[in-house]
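Novice: using only what follows, build the 3D model:
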Amino acid sequence: MDPSARDSPLLAQPFPAFNLTTLEDPSRVVDESLFKGKVTLVNVWGEWCPTCKHEMPQLLDLAARGVRLVGINYKDTQAKGLEFLDEFGNPFEVNIFDPEGNLGFELGVYGAPESYLVDTEGTIRYKHTGYITSEDVERVIQEVEKWKR
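Specialist: Model (predicted):
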């Protein structure tokens with residue numbers, strides 16, 4: 001009965017197609033090819049999300065330990081997203097800017113934060129709903145290692 005415990009219907013499916021700019025550079029357009037070749041933890045976050053602020057130390061830890069992170073700045077403004085990163089740190093290699101929430105909709109996001117592990121072929125292999133706690137870090141690293149090929 002816990003909605004955060006349900007599996008994503010996107011597990012074992014390709015990451016949804018998209019064509020969006022990055023938060024840091026509105027002239028840079030990225031798409032799902034961003035996920036080919038490297039295992040990536042994709043984290044959906046927003047400046048408006050208090051839990052995202054508490055999650056940042058764990059994401060910074062994951063990045064420092066060699067996990068490739070890509071952020072999706074979800075239903076935010078560019079200015080607020082950049083302020084958030086300035087204040088709390090930026091563990092992300094790239095931040096996809098999703099101000100309308102269309103990519104989030106395709107992923108089935110129903111709240112932030114949510115994280116998806118994408119394998120080297122661009123397939124979603126794991127979903128973590130909610131805040132990644134310090135206790136979750138080792139499990140996430142185990143999932144990353146499992147999908148590296």
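Novice: going forward, measure contacts and count neighbours with C-alpha atoms only.
Specialist: Will do.
Novice: can you list contacts of the helix or strand residue 86 falls within?
Specialist: Assigned by DSSP states H and E, residue 86 falls within helix 78-88. Outside helix 78-88, the residues that touch it by C-alpha atoms under 8 Å, 6 or more residues apart in numbering are 23, 24, 46, 47, 53, 56, 73, 97.
Novice: residue 123 - how many residues pack around it?
Specialist: By other C-alpha atoms under 10 Å, 20 other residues sit near residue 123.
Novice: what's the answer for residue 86, then?
Specialist: For residue 86, the tally of surrounding residues (other C-alpha under 10 Å) stands at 10.
Novice: any idea how far it is from residue 25?
Specialist: 15 Å (C-alpha to C-alpha, to the nearest Å).
Novice: if we can go back for a sec, filter the contacts of helix 78-88 down to the ones in strands?
Specialist: 73, 97 (DSSP state E).
Novice: just give me the residue right at the centre of the chain.
Specialist: Nearest to the centroid of the C-alpha atoms of the chain, with distances taken as C-alpha atoms, centre = their mean, sits residue 43, at 1.5 Å.
Novice: identify the bridge partners of that one.
Specialist: Beta-bridge partners for residue 43, by DSSP bridges, are residue 71, residue 115.
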